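**Q** predicted model, plus sequence, below.
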Amino acid sequence: MHAIDILLKKRDGGELSTAEIEFVVQAVVRNGELKLRTAAGDGPGVEAIGGGSEDISDAQIGAFLMAVFQRGLTLRELGDLTRAMRFSGETFDAAVLAASGAKAFTVDKHSTGGVGDKSSLLIAPVWAAVGMDGGTSVSVPMISGRSLGHTGGTLDKLETIPGFDSQLSMVRMGEVLRECHAALVGQTPRLVPADRILYGMRDHTGTVESPVLICASIMSKKLAEDLRGLVLDVKVGSGAFMPTLERSRYLAELMVSTGEAAGTKTVALLTAMDEPLGRFSGNWVEVWECVEIMKGVRHPMSADLIELSNTLSGWGLYLAGRAGSPEEGAKVADEVLRSGEAYAAWLKIVAAQGGDTSVFEDPAAFHRPTATRVLRASRAGFLAGMDCKEVGWAVQRLGAGRERPGDPVSAHAGIESHAKIGDWVEAGQPLFTLFSEDEARLAEPYRMMEATVRIGDVRPERLPLVREVVRGESTQLPAR
Ligand code: URA
């Protein structure tokens, strides 16, 4: 087979066979391995890739992604792509957790990507804390991604914690899970390597906002975790990859049917992403916000984040049979957050992954931007809205995201929200504070924020945070 023939077939609207899709995914992984060997001074050189009859060049990967973006995939092709990506490297086997006694209920949550969306940093410790108290043991083998397009990435946030190791081996991941009931890891060259490569390429080839590529990316990672339950947070609104309710619902249905077909109880919540979630958007600042919440501090700007986190946690506890309904699960989650149990679980997880937990003693002191600028209300009125995607790009350009794959991200770049849509603001009142580690990076994001924030005379209608729930067949069943 030849990569060029396959991408031409897709470009012209053809349907790819299972073998052709497997060929592309395996060639992508070989391309990545060759680069890693070359970087280590132990390979034939990246230039050798393009001509190989069994390989694929970076340009061909980009062209393949664009062809899929434009033409889409049939459900059969999507199933094949997800499966090929899921098995492109090692996978986690939940059987290794059985040694801990009660059979573990592996559960995870994943978002399609948002601005200031840090709920994973709260949900994983909440579930882990519930897992530690006996009963049906809940375990969270969470594989997260880096920033993508205008959205932030859980891994980039976690890696601002000094010493934190997100690249655990399968053996170490099993140990951390047995000890802490959650492990927070990223793809490695061995764990779902196809997504690691394609995810990075999509960010730079204009192929992020594709329902089938998002579905394959998320579900390949999640199914590689050997999950029994999965809660998906599908964003809707100006800050989402799929801005309309119809497109988000379509994406949710694709992911729910893919999860259910693989035997995982799957539910998707369509949730609002019209403004940054919570108080901060960035990397360390988001860890800081979650640490404060887990220590019992409830800043008014964090109210939407806490509500979302409890709702998603509640669904996971319901799927695990640890609550009679998602609503009861949300109450349990809130208690676990308030009681400090989630914070204790968080400290244990971070320490097990090599992180220095002393930075959580005074997280504000660890926030060290070298440049800040405040955007103030140009007049009195209601904060009427903004293009949340522009806000996300502003956060990335302050230094929180990367221009090219592999670029380092700034720990301290980001924004702080001082008002939410629908709030009354006085002229001159601070709306957002922008942080950067480079004075020169402030001007453009400031202009972007200034241009996109709207103040009006009429209070905008407040839509519910959770717009819809898409449930798979198995989640209709009463909890065990
Ligand atoms: N999160 C992922 O893991 N992949 C996507 O494509 C989008 C969000």
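**A** The structure has been received and is ready for your questions. Keep in mind that this is a model prediction, so the values were computed, not measured.

**Q** name the helices or strands packed onto the worst-scoring helix or strand of the chain on mean pLDDT?
**A** Least confident element among the helices and strands of the chain, by mean pLDDT, DSSP states H and E: helix 18-39 (a mean of 89). Helices and strands touching helix 18-39, by 3 or more CB pairs under 8 Å, 6 or more residues apart in numbering; DSSP states H and E, are helix 3-11, helix 58-71, helix 75-86, helix 193-203. Yep, even glycine has a C-beta here, placed from its N, CA and C like the rest.

**Q** check which residues of the second one are buried.
**A** When you say that, I think you mean helix 58-71. Across helix 58-71, burial judged by 16 or more other CB atoms under 10 Å covers Asp58, Gln60, Ile61, Gly62, Ala63, Phe64, Leu65, Met66, Ala67, Val68, Phe69, Arg71.

**Q** need the pLDDT of the nearest residue to Gln187 once chain neighbours are set aside.
**A** Once flanking residues are discounted, Gln187 sits nearest to Arg196: 3.9 Å by CB to CB, 6 or more residues apart in numbering. Note for Arg196: predicted pLDDT of 90.

**Q** swap in the one 4 residues further on?
**A** What the model reports for Gly200 is a pLDDT of 87.

**Q** nearest residue to it in space, please, no chain neighbours.
**A** In space, Gly200 is closest to Pro405, 3.8 Å off (CB to CB, 6+ apart).

**Q** is the one you found in contact with Leu198, as I believe?
**A** No: Pro405 lies out of contact with Leu198 (CB atoms under 8 Å); the separation is 10.9 Å.

**Q** neighbour-wise, which of those two wins?
**A** Leu198 (29 against 13; other CB atoms under 10 Å).

**Q** show the contacting residues for that one.
**A** Taking CB atoms under 8 Å, 6 or more residues apart in numbering as the criterion, Leu198 is in contact with Val28, Ile61, Leu65, Met85, Leu213, Ser217.

**Q** find the nearest non-adjacent residue to the last one, please.
**A** To tie it back to what came earlier, the one meant is Ser217. Nearest to Ser217 is Asp195, by CB to CB, 6+ apart, at 5.3 Å.

**Q** neighbours of that neighbour, how many?
**A** 27.

**Q** ok, Val171 next?
**A** Count around Val171 with other CB under 10 Å applied: 9.

**Q** restrict the helix or strand encompassing it to CA atoms and write it as PDB.
**A** Taking DSSP states H and E as the definition, one finds Val171 inside helix 170-180. Extracted in PDB, the C-alpha atoms of helix 170-180 (Å, rounded to 0.1, in the frame of the first residue of the first chain):
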ATOM      1  CA  MET A 170       2.100   0.900  32.500                       C
ATOM      2  CA  VAL A 171       3.600  -0.800  35.500                       C
ATOM      3  CA  ARG A 172       4.000   2.400  37.500                       C
ATOM      4  CA  MET A 173       0.500   3.600  36.400                       C
ATOM      5  CA  GLY A 174      -0.900   0.400  37.900                       C
ATOM      6  CA  GLU A 175       1.000   0.900  41.100                       C
ATOM      7  CA  VAL A 176      -0.200   4.600  41.400                       C
ATOM      8  CA  LEU A 177      -3.700   3.500  40.700                       C
ATOM      9  CA  ARG A 178      -3.600   0.800  43.400                       C
ATOM     10  CA  GLU A 179      -2.200   3.200  45.900                       C
ATOM     11  CA  CYS A 180      -4.100   6.400  45.000                       C
END
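
**Q** just checking, what packs against that helix?
**A** Using 3+ CB pairs under 8 Å, 6+ apart, helix 170-180 sits against strand 138-144, strand 182-186, helix 341-352.

**Q** farthest-apart pair in the contacts of Leu198, please.
**A** Ile61 and Ser217 (13.9 Å; CB to CB).

**Q** so Asp93 sits against Asp226, correct?
**A** Yes: between Asp93 and Asp226 there is a contact at 5.8 Å, judged by CB under 8 Å.

**Q** circling back to that earlier point, quick one: the residue nearest to Gln187 and Pro405, what's the gap?
**A** Look at Arg196 and Pro405: by CB to CB, to the nearest Å, they are 10 Å apart.

**Q** quick one: low-confidence ranges for the protein?
**A** 39-54, 99-103, 134-136, 475-480 (pLDDT under 70).

**Q** by proximity to the ligand, which residue of it wins?
**A** Distances between the chain and the ligand by CB to the nearest ligand atom are smallest at Ser217, namely 3.5 Å.

**Q** tell me the contacts of that residue?
**A** Counted by CB under 8 Å, 6+ apart, Ser217 has contacts Met85, Gly145, Asp195, Leu198, Tyr199, Arg202.

**Q** do that again at 10 Å, thanks
**A** Counting by CB atoms under 10 Å, 6 or more residues apart in numbering, Ser217 makes contact with 81-82, 85, 110, 112, 145, 148, 192, 194-195, 198-199, 202, 208, 210.

**Q** mind checking the SS state of it?
**A** Three-state call for Ser217 (DSSP: H, G, I helix; E, B strand; the rest coil): helix.

**Q** export the contacts of Leu198 as CSV, with columns for distance to Leu230.
**A** Putting the contacts of Leu198 into CSV (distance: CB to CB, whole Å) gives the following:
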residue, distance to Leu230
Val28, 25
Ile61, 28
Leu65, 25
Met85, 16
Leu213, 18
Ser217, 14
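
**Q** now the strands for the stretch 151-300 of the chain?
**A** Counting by DSSP state E, counting those that start in this stretch, the stretch 151-300 of the chain has strands at residues 182-186, 229-236, 265-272, 280-282.
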